[in-house]
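Peer 1: Just a sequence and a predicted model for now, questions to come.
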Amino acid sequence: MARKTKTESLALHLIRALYDSTGGRPMQWRSLAGISEGGETQEAVHLAVDRGWLLVEGGHSVCLTDAGRQLLHGV
């Protein structure tokens, strides 16, 4: 099993926090400050978007995709 990178671990943490914040309900948007500021948070969000786990709107609002919600069943 491949070791997770720091960016991937942060992306999974963000997904878990978003899932918890929304009660796991689909299409629930939340604001995530710091996305547009760069750094580790932005990298983690981009990774999650690239993998189909998150949607981003307006540069600061995030929403879990069905794939992101399903991912948590294996984490």
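Peer 2: Cool, got the structure. Numbering: from 1, shown residues only.

Peer 1: Now the helix ranked longest in the chain: buried residues?
Peer 2: If you go by DSSP state H, the chain has its longest helix at helix 6-22. Buried residues in helix 6-22, counting neighbours by 16 or more other Cβ atoms under 10 Å, are found at 7, 8, 10, 11, 12, 14, 15, 18, 19, 22. Using the backbone N, CA and C atoms, a C-beta is placed for each residue, glycine as well.

Peer 1: from memory the fifth one sits against residue 5, does it?
Peer 2: No. Counting by Cβ atoms under 8 Å, residue 12 does not reach residue 5; the two are 10.6 Å apart.

Peer 1: Contacts only, for the residue nearest the centre of the chain.
Peer 2: Nearest to the mean C-alpha position of the chain, by Cα atoms, centre = their mean, lies residue 15 at 3.9 Å. Listed by Cβ atoms under 8 Å, 6 or more residues apart in numbering, the contact set of residue 15 reads 48, 53, 54, 64, 68, 71, 72.

Peer 1: Residue 21 too?
Peer 2: Applying Cβ under 8 Å, 6+ apart, the residues near residue 21 are 28, 30.

Peer 1: where's it relative to residue 58, distance?
Peer 2: 18 Å (Cβ to Cβ, to the nearest Å).
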